[in-house]
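Colleague: Show me how the following folds:
(one chain, ligands or ions: 1)
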Amino acid sequence: MKLPFKYVLLGVTVLLLSACAAPSKRAALSAQGQINSAALSRPSEPQSQDPQAAALPKDVTVRVLLAENQRAATIKHSGKIYIYTLDLEKKYKISRAGTLSVKALGKGKVQVGTLKSSKPIVIEPARGTLLTWDTNSYAGKFYIIPTANRFHLVEHTPLETYLYGVLPYEMSYTWPLEALKAQAVAARTYTLKTLENVKNQHFDLFSDVRSQMYKGGGKQYDSVKKAVDATRGQVLTYQDKLFFTYYHANCGGGTDDVRSWNPGLTSIKPLSGASCKTDSHSKSYKWQMNVPRAKVENYAKRVGLAGTLKSIKIARKTDTGRASNLTIHTSKGSKTVPCGNFRLATGIRSCKITKLSVRKKDVHFEGKGYGHGIGMCQDGANGMAQDGKNYKKILKNYYPGSELRQI
Ligand SMILES: [Zn+2]
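Modeller: Below you'll find the predicted structure:
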């Protein structure tokens, strides 16, 4: 079944169009694909210089920031490449494999090989050529975007190829195919949801945990390729809209409502929590660790509470036992903080804390799970797949009430 919305293809670029002006409530995609003035303003891509590129299947283009404010970069190419300015005013090609040097010339200018410009320069690999930068290989086009004295390196790549470079770093490629397929749908949905409200002019996604881990779509694991290809174009929706399909390593026996992690977010049924009976095989299921007192005291100081640490109490818990708030007591007073913030600051694995004691030199924690505990539990997805459940069952379990749709 088709979605009641669809992508609008404009030349080689696929623009995501939003039907609603309010950024916080932007509709997933415009109903019936109508062009709307609130359309995401993404610069159109120059015409591909590779004559074979037209044979590739149409796909959404995503723009991934690989490196910020670089002075120099060395880019290897496994075959033919085209190098040109965005306006195609200057262009040339290199017909065989080699190494390309990129450097900032200052005053907003960059040099790529022999081409110098103050405009963005594109390095487009011919079909079958891969670009290698910083040990990772990429199948998309590199954009060298000049800044005052440096440059940003951004890759423009088809969504499905992007997913080849996300999956192996968000879930092990050795895991069962059905778990990888569930991960592919979750990562695809998360990506498209992110694209609805892009703030930056030059890129849509980071290549690290700020978006999703990504190390290039050039290296393709067979299992990952199978999972991505088998679910090509499949996304999850709720009430006809995409939603942020959060996922995490291990929920410790049950996931939680998104508000337990961030009270500012709106809860919807697929992000309201789910049972998980298949994640206890993992070493992430149970943990214990000791956090130096100084680390806790430094965090407390940053949030406005000085003094020597006296105690930490769980102020509020969800039904699954996840602490949503902790109260820190010091010699100067007390403060209640969101456990999610405390977790990031101190490095405890999750907020499903089962034991907590402030000791002479450190704070001893015991707990269950790894990560924020919202959306899909990856270890649980692995367990369900091992029990013979398919990816649709897995997604239904962790995102209850959601629908699997084809874009
Ligand atoms: Zn779980």
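
Colleague: got the buried residues for stretch 147-166?
Modeller: 150-166 (16 or more other Cβ atoms under 10 Å). Heads up, the C-betas are built off the backbone N, CA and C, glycines and all.

Colleague: Likewise for stretch 130-145?
Modeller: Neighbour counts over stretch 130-145 (16+ other Cβ under 10 Å) mark 130-133, 136-145 as buried.

Colleague: got the contact list for stretch 257-271?
Modeller: 236, 238-239, 243-246, 272-273, 318, 322, 324, 338, 340, 351, 372-375, 399-402 (Cβ atoms under 8 Å, 6 or more residues apart in numbering).

Colleague: again, 6 Å this time
Modeller: Contacting residues not belonging to stretch 257-271 are listed as 238, 272-273, 318, 322, 324, 340, 372, 374, 399-402 [Cβ atoms under 6 Å, 6 or more residues apart in numbering].

Colleague: Also near the ion: which of these, exactly?
Modeller: Checked against the ion using Cβ under 5 Å from the ion, those give no members in range.

Colleague: just checking, which of the buried residues of stretch 130-145 belong to helices?
Modeller: Among the buried residues of stretch 130-145, no member falls in helices (criterion: DSSP state H).

Colleague: These in strands, which ones?
Modeller: The strands, defined by DSSP state E, take in 131, 132, 133, 136, 137, 138, 141, 142, 143, 144, 145 from those.

Colleague: I figured the fourth one hits residue 217, correct?
Modeller: I take that to be residue 136. No. Residue 136 lies out of contact with residue 217 (Cβ atoms under 6 Å); the separation is 9.5 Å.

Colleague: before we move on, the earlier item: how about CSV for the contacts of stretch 257-271, with neighbour count added?
Modeller: As requested, those are exported to CSV (neighbours: other Cβ atoms under 10 Å):
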residue, neighbour count
238, 18
272, 17
273, 25
318, 19
322, 30
324, 20
340, 21
372, 24
374, 28
399, 30
400, 16
401, 12
402, 23
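
Colleague: Spell out the secondary structure type for the nearest residue to residue 190 once chain neighbours are set aside.
Modeller: Leaving aside its chain neighbours, residue 190 sits nearest to residue 245 (4.9 Å; criterion: Cβ to Cβ, 6 or more residues apart in numbering). The three-state label given to residue 245 by DSSP: H, G, I helix; E, B strand; the rest coil is coil.

Colleague: what pLDDT does residue 245 get?
Modeller: pLDDT recorded at residue 245 is 97.

Colleague: what about it, distance to the ion?
Modeller: From residue 245 across to the ion, the span is 15 Å (Cβ to the ion, to the nearest Å).

Colleague: now the angle from the helix or strand residue 122 falls within to strand 141-146?
Modeller: Here residue 122 sits within strand 121-125, counting by DSSP states H and E. Calculated by axes from the mean of the first three to the mean of the last three Cα atoms, to 10 degrees, strand 121-125 forms an angle of 160 degrees with strand 141-146.

Colleague: Adjacent strands (with direction) for strand 121-125?
Modeller: When pairing is defined by DSSP bridges, strand 121-125 lines up against strand 81-85 (antiparallel), strand 141-146 (antiparallel).

Colleague: Can you add mean pLDDT and distance to residue 392 and give those strands back as JSON lines?
Modeller: Compiled in JSON lines, the strands paired with strand 121-125 are given as follows (pLDDT from 0 to 100; distance: least, Cβ to Cβ, whole Å):
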{"stretch": "strand 81-85", "mean pLDDT": "97", "distance to residue 392": "41"}
{"stretch": "strand 141-146", "mean pLDDT": "97", "distance to residue 392": "34"}
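
Colleague: Indicate which one of the ones you listed is closest to the ion.
Modeller: Of all the strands paired with strand 121-125, strand 141-146 sits nearest to the ion, with 38.3 Å by Cβ to the ion.

Colleague: Report the rounded mean pLDDT for the helix or strand following that closest one.
Modeller: Using DSSP H and E, the helix or strand that follows strand 141-146 in sequence is strand 151-158. Mean pLDDT, computed over strand 151-158, is 97.

Colleague: Please enumerate residues in contact with the helix or strand following strand 151-158?
Modeller: Using DSSP H and E, the helix or strand that follows strand 151-158 in sequence is helix 159-164. With contacts defined as Cβ under 6 Å, 6+ apart, helix 159-164 is touched by 59, 60, 62, 139, 184, 187, 217, 220, 224, 228, 232.

Colleague: Need the worst-confidence member of the residues you listed.
Modeller: In terms of pLDDT, residue 59 ranks lowest among the contacts of helix 159-164, with 85.

Colleague: my guess is it meets residue 156, correct?
Modeller: No. The criterion here is Cβ under 6 Å, and residue 59 misses it with residue 156 at 11.3 Å.

Colleague: Quick one: the helices in the stretch 301-407 of the chain, in order.
Modeller: For the stretch 301-407 of the chain, the helices defined by DSSP state H, counting those that start in this stretch occupy 339-346, 378-386, 391-398.

Colleague: For those, could you give me JSON lines that also reports mean pLDDT and distance to residue 307?
Modeller: Below are the helices of the stretch 301-407 of the chain laid out as JSON lines (pLDDT from 0 to 100; distance: least, Cβ to Cβ, whole Å):
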{"stretch": "helix 339-346", "mean pLDDT": "95", "distance to residue 307": "17"}
{"stretch": "helix 378-386", "mean pLDDT": "98", "distance to residue 307": "39"}
{"stretch": "helix 391-398", "mean pLDDT": "98", "distance to residue 307": "41"}
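
Colleague: Which of the ones you listed has the highest mean neighbour count?
Modeller: Mean neighbour count (mean count of other Cβ atoms under 10 Å) peaks for helix 378-386 among the helices of the stretch 301-407 of the chain, with a mean of 25.

Colleague: list the contacts for the residue nearest the centre of the chain?
Modeller: The residue lying closest to the centre of the chain (Cα atoms, centre = their mean) is residue 212, at 2.1 Å. Taking Cβ under 6 Å, 6+ apart, we find residue 212 in contact with 166, 187.

Colleague: Roughly how far does it sit from residue 283?
Modeller: 23 Å (Cβ to Cβ, to the nearest Å).

Colleague: Next, count neighbours for residue 305.
Modeller: 18 (other Cβ atoms under 10 Å).
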